[in-house]
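Asker: The following comprises the amino acid sequence and a computationally predicted model.
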Amino acid sequence: MKKTSCYFILMMITLFTVSCNETKKEKNTAKQKTKTEVTAKDILGNPNYLAISYGGYRKSTRDIQPTIKELKEDMKLLQAMNIKMIRTYNVQLAHASNVLKAIAELKQEDSNFEMYMMLGAWIDCKNAWTDQPPNHELESGNNEAEIKRAVILANQYPDIVKVIAVGNEAMVKWATSYFVQPWVILKWVNYLQDLKEKDELSKDLWITSSDNFASWGGGDTEYHVEDLNKLIKAVDFISMHTYPMHDTHYNPQFWGVLEDEKEMSDIEKIEKAMERSLEYSKAQYESVKQYMNSVGANKPIHIGETGWASYSNGHYGNDGSKATDEFKEALFYTLMRNWTNENKIACFYFEAFNEPWKDAANQGGSENHFGLFTVDGEAKYVVWDLVDDQTFDGLTRGGNPITKTYDGNKELLLKEVLVPTIKDSLAVSF
């Protein structure tokens, strides 16, 4: 009897252990399945999935591509900031596919690592970037191959690629080197939507184009054409760009210090100017929404790009509109994040890291200074608090630990902050 009882007890223990292991496996499988089933609809506008525009280039030329190791460094830094959705811009170069490889490797190394992508496909007009005059009525012969590369990557990494963006500022008419007419974007958006219908792309994959607010009908009426109206109805959401920093020079209706603000402290004057900058962006958002509704559409609208440079030796710097420094960059970032998070608007903030290739001939150009981090991994003022909170402990960029710009000396930083010009009046009723 004793021997039989021992066998019985041993058998029950074995069955219990197997059952527990199976339950654990099922939970892990369910957990993994849940992760892979996260869609663009779940991510965009969800404050738990902060978004950012990302380029990992660390040199003054894109001929030197970032390595997988460098890309993984960056992804770890972004995840530490609770950023889980990144935006890339083209698939002509190796960058986007390498970022996807880096994310896939990180997911294999750590089941808790989570990062998704809005994959950009670059679109040009005929003769763009050549010695021939650009023909804005026809499209580049390179566009088809670009779209097909994006499709291959979306199917290869369905757990990561959640959006394909057809073109970047490809319709706005000040992009004189390469802009196309809306019919080109519409053609490729419809092509991708058809692939979804035929189950050749995931039906959960969202398709958009990422462009200036004016290109989406929120500006000059010259953009109000039937092909744009069709495009608005064809995309899964509108990805619009808004850059009040640029308009501190080009359209400074909101920029400056009002006469009745001149007795305020310098910090208060700057804060008022930055609050008006946010209102300017909000007005552009509303103008796109109004135009969308006017053509009978009702699509989500998200911010595909917005940002504020921390330095400029040109239009926006000390000899220009006095708009660019780390203090103003931090104010705009906070204002924009708060507004978009509260209103469930995704914001692909531009951008994660400085990229010195953008204005290679002029390293003081504003385009090189939109990052929240410098190339060498110094955290700008906008994320000093995260350094204080030890968010980046153990993480590096280029092998460098994450430290603060200005050695963390705020007084030293503020010495370089200039107050905008005092004006009699501003067009503050947007």
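Answerer: Structure received. Only a predicted model underlies this, so the values are computations on that prediction, with no experimental measurement involved.
Asker: Strands of the stretch 301-430 of the chain, residue ranges please.
Answerer: 301-306, 347-349, 378-379, 396-397, 400-401, 403-404, 422-423 (DSSP state E, counting those that start in this stretch).
Asker: So which of the ones you listed is nearest Q363?
Answerer: Judged by Cβ to Cβ, the one of those that comes nearest to Q363 is strand 378-379, at 15.6 Å. All C-beta spots, glycine's among them, are computed from the backbone N, C-alpha and C.
Asker: pLDDT on that closest one, on average?
Answerer: The average pLDDT for strand 378-379 rounds to 98.
Asker: which outside residues touch that strand?
Answerer: L372, F373, L386, V387, F392, I402, T403, K404, T405 (Cβ atoms under 8 Å, 6 or more residues apart in numbering).
Asker: Would you mind measuring from the fourth one to R87?
Answerer: Spelled out, it's V387. According to Cβ to Cβ, to the nearest Å, V387 and R87 sit 25 Å apart.
Asker: Give me the more crowded residue out of the two.
Answerer: A direct count of neighbours by other Cβ atoms under 10 Å for V387 and R87 places R87 higher, at 26 against 17.
Asker: List phi and psi for the more buried one.
Answerer: Backbone geometry at R87, expressed as degrees, to the nearest 10, gives phi -120, psi 130.
Asker: List the contacts of it.
Answerer: By Cβ under 8 Å, 6+ apart, R87 lies in contact with A51, I52, S53, Y54, M117, M118, G120, A165, S210, G304, E305, F348.
Asker: neighbours of Y223, just the number please.
Answerer: 20.
Asker: That one reaches N212, doesn't it?
Answerer: No - using Cβ atoms under 8 Å, Y223 is not in contact with N212, being 9.2 Å away.
Asker: thinking again about what came up before, ok, so of the contacts of R87, who is nearest N298?
Answerer: Nearest to N298 out of the contacts of R87 is G304 (Cβ to Cβ; 18.6 Å).
Asker: can you pull the pLDDT of E367?
Answerer: 98.
Asker: before we move on, back to that, most surrounded residue in the contacts of R87?
Answerer: Highest neighbour count within these, by other Cβ under 10 Å: G304, with 31 neighbours.
Asker: Roughly how far does it sit from N98?
Answerer: 22 Å.
Asker: got a list of what N135 touches?
Answerer: Applying Cβ under 8 Å, 6+ apart, one finds that N135 lies in contact with C125, K126, N127.
Asker: quick one: it from N143, how far?
Answerer: Counting by Cβ to Cβ, the gap from N135 to N143 is 13 Å.
Asker: one step back: of all the contacts of R87, which two lie farthest apart?
Answerer: M117 and E305 (15.2 Å).
Asker: Dihedrals phi and psi, N135?
Answerer: Main-chain dihedrals, N135, degrees, to the nearest 10: phi -110, psi 100.
Asker: In space, what's closest to it - neighbours in sequence excluded?
Answerer: Distances taken as Cβ to Cβ, 6 or more residues apart in numbering place K126 nearest to N135, at 4.2 Å, with adjacent residues excluded.
Asker: so who does that neighbour touch?
Answerer: P134, N135, L138, E139, S140, G141.
Asker: Let me know the closest of those to W174.
Answerer: For the contacts of K126, the residue nearest W174 by Cβ to Cβ is P134; the value is 13.0 Å.
Asker: any chance of the contacts of R87 in a markdown table, plus pLDDT and distance to L414?
Answerer: Formatted as a markdown table, these follow (pLDDT from 0 to 100; distance: Cβ to Cβ, whole Å):
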| residue | pLDDT | distance to L414 |
| --- | --- | --- |
| A51 | 98 | 30 |
| I52 | 98 | 26 |
| S53 | 98 | 28 |
| Y54 | 98 | 29 |
| M117 | 98 | 37 |
| M118 | 99 | 36 |
| G120 | 98 | 37 |
| A165 | 99 | 38 |
| S210 | 98 | 35 |
| G304 | 98 | 32 |
| E305 | 98 | 28 |
| F348 | 98 | 29 |
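Asker: In strands, which of these appear?
Answerer: A51, I52, S53, M117, M118, G120, A165, S210, G304, E305, F348 (DSSP state E).
Asker: Give me the pLDDT for the nearest residue to the first one once chain neighbours are set aside.
Answerer: Spelled out, that is A51. Leaving out its chain neighbours, the residue that sits closest to A51 by Cβ to Cβ, 6+ apart is M85, at 4.0 Å. Per-residue pLDDT puts M85 at 98.
Asker: in terms of contact, does P356 touch Q363 like I think?
Answerer: Yes - the pair P356 / Q363 is scored as a contact, 6.3 Å apart, by Cβ under 8 Å.
Asker: what touches both of those two?
Answerer: Here P356 and Q363 have S60 as joint contacts, going by Cβ under 8 Å, 6+ apart.
Asker: When the two are compared, which one has more neighbours?
Answerer: Set side by side, P356 and Q363 show more neighbours around P356, with 19 against 13, by other Cβ under 10 Å.
Asker: Just list the residues touching the more buried one, thanks.
Answerer: Contacts of P356 (Cβ under 8 Å, 6+ apart): Y57, R58, K59, S60, Q363, N368, V375.
Asker: hmm, 6 Å instead?
Answerer: The contact partners of P356, by Cβ atoms under 6 Å, 6 or more residues apart in numbering, come to S60, N368.
Asker: what do you get for K289?
Answerer: Contacts for K289 were tallied using Cβ under 6 Å, 6+ apart; they are I301.
Asker: and it, what pLDDT?
Answerer: 98.
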